[in-house]
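Participant: Would you be able to build a 3D model of this:
(3 chains)
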Amino acid sequence: MKLEFFQRSTKVVAEDLLGKFLVRSSGNKKILAEMITEVEIYDGPNDKASHASRGKTKRTAPMFEIGGIFYVYLCYGMYQMLNIVTNEKNYPAAILIRATAETNGPGRLTKKFKINKELNSKSACRDTGLWFEDRGVLLKNNQIKYLPRTGVGYAGSFWANKKWKLLLTEK
DNA sequence: GGAGTGATGACA
DNA sequence: GTCATCACTCCA
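Facilitator: The predicted model follows:
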């Protein structure tokens, strides 16, 4: 997958990302490849649920970079969260990878893929050891479900009610 | 339903 | 320097 794929509006990228494969390698060997089934959008400087809404800080700096790099951070002291940064430089946006066909939950997913902060700010390409592949899975129009995001009640009803969690349903 | 967990950001 | 908060998971 080319990095330009991620340098588009976050919603478009999120929709396109469903059905693509997340691939992990160690050395020259691919060790894991799972289809992405659930993502969550964090888009723009005004999104109160996004870490970037309070301005650029040391932690959120990757979100302000150009699309195509990873944003990894620690949540609740135990779980790494994997995001892929989208859109243009200086526009803070990212997509949280929440689940694949075989692994449900962002914390479990990163544990299984051995994702940690070393991948933070790295490009989603083969050299990094973690990247995305299009394996030709075609989605039907009604296969994507739009739901409110998780754990964002603190952001206020306007942002909490946005249907920015995208779920891939069975056929 | 409730606890664990530690980096992060706000405030002083 | 302190303190509250959190894009979660596990076990009950």
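Participant: Once you drop chain neighbours, what's closest to A:Ile31?
Facilitator: What sits nearest to A:Ile31 in space, not counting adjacent residues and going by Cβ to Cβ, 6 or more residues apart in numbering, is A:Arg24, at 5.6 Å. For every residue, glycine as well, the C-beta is placed using N, CA and C.
Participant: close to DNA strand C, is the lowest-mean-pLDDT helix or strand in chain A?
Facilitator: Within chain A, no helix or strand scores below helix A:157-160, which has a mean of 93 by mean pLDDT, DSSP states H and E. No: using Cβ under 7 Å from any atom of the strand, we find that helix A:157-160 stays clear of DNA strand C, coming within 10.1 Å at best.
Participant: And that helix, what's buried?
Facilitator: By 16 or more other Cβ atoms under 10 Å, the buried positions in helix A:157-160 come out as A:159-160.
Participant: Pairing partners for the helix or strand just after that helix, with directions?
Facilitator: On the C-terminal side of helix A:157-160, the nearest following helix or strand under DSSP states H and E is strand A:165-168. Take DSSP bridges as the rule and strand A:165-168 pairs in its sheet with strand A:29-43 (antiparallel), strand A:144-147 (antiparallel).
Participant: That's all I had, so thanks and see you.
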